[in-house]
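Trainee: Give the three-dimensional model of this entry:
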Amino acid sequence: MDFYDQVLRELVAALGAALFVGNLMALLRRRADARRAAAGSGDLAQAPVARTVAYATLGFVMMVAGIAAMVAS
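Mentor: Here you go, the predicted model:
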């Protein structure tokens, strides 16, 4: 296996994991974001559920595909 192939597989797994964890954290923080927005702090509103779940799902699939590619080779 080539060095660049391995690095690409690791990058896909790492980016997928980052996308998954980041969007999962956004879903978990929705309630706190709603309270802050109601208090008028001027921050961004809470994360949209459908888009956040879709991105988290995409990140999970990328992470699993990257890990599977690393294990298979």
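Trainee: which residues does M62 contact?
Mentor: M62 sits next to 12-13, 15-16, 19-20 when contact means Cβ atoms under 8 Å, 6 or more residues apart in numbering. To be clear about C-beta, it is placed using only N, CA and C from the backbone, and glycine gets the same treatment.
Trainee: in this protein, which ranges drop under the pLDDT threshold?
Mentor: Along the chain, segments meeting pLDDT under 70 span 38-44.
Trainee: Can you tell me the closest non-neighbouring residue to the residue sitting nearest the centre point of the chain?
Mentor: The centre of the chain sits closest to L19, judged by Cα atoms, centre = their mean, with a distance of 1.9 Å. Using Cβ to Cβ, 6 or more residues apart in numbering and skipping residues adjacent in sequence, the residue nearest L19 is G59, 3.0 Å away.
Trainee: list the buried ones in the longest helix belonging to the chain?
Mentor: Taking DSSP state H as the assignment, the helix of the chain that covers the most residues is helix 3-28. Going by neighbour count (16 or more other Cβ atoms under 10 Å), the buried part of helix 3-28 is 9, 12-13, 16-17, 19-20, 23-24, 26.
Trainee: With distance to A37 as new columns, can the contacts of M62 be given to me in TSV?
Mentor: What follows is the contacts of M62, written out as TSV (distance: Cβ to Cβ, whole Å):
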residue	distance to A37
V12	35
A13	34
L15	29
G16	30
L19	24
F20	25
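Trainee: which of these are the two that sit furthest away from each other?
Mentor: Largest separation among these by Cβ to Cβ: V12 and F20, giving 12.3 Å.
Trainee: any idea how far V12 is from D5?
Mentor: Distance, D5 to V12, by Cβ to Cβ, to the nearest Å: 11 Å.
Trainee: Hmm, V21 and F60 touching each other?
Mentor: No - using Cβ atoms under 8 Å, F60 makes no contact with V21, being 9.7 Å away.
Trainee: Just read off the phi/psi values of P48.
Mentor: Backbone torsions of P48, given as degrees, to the nearest 10, read phi -70, psi 140.
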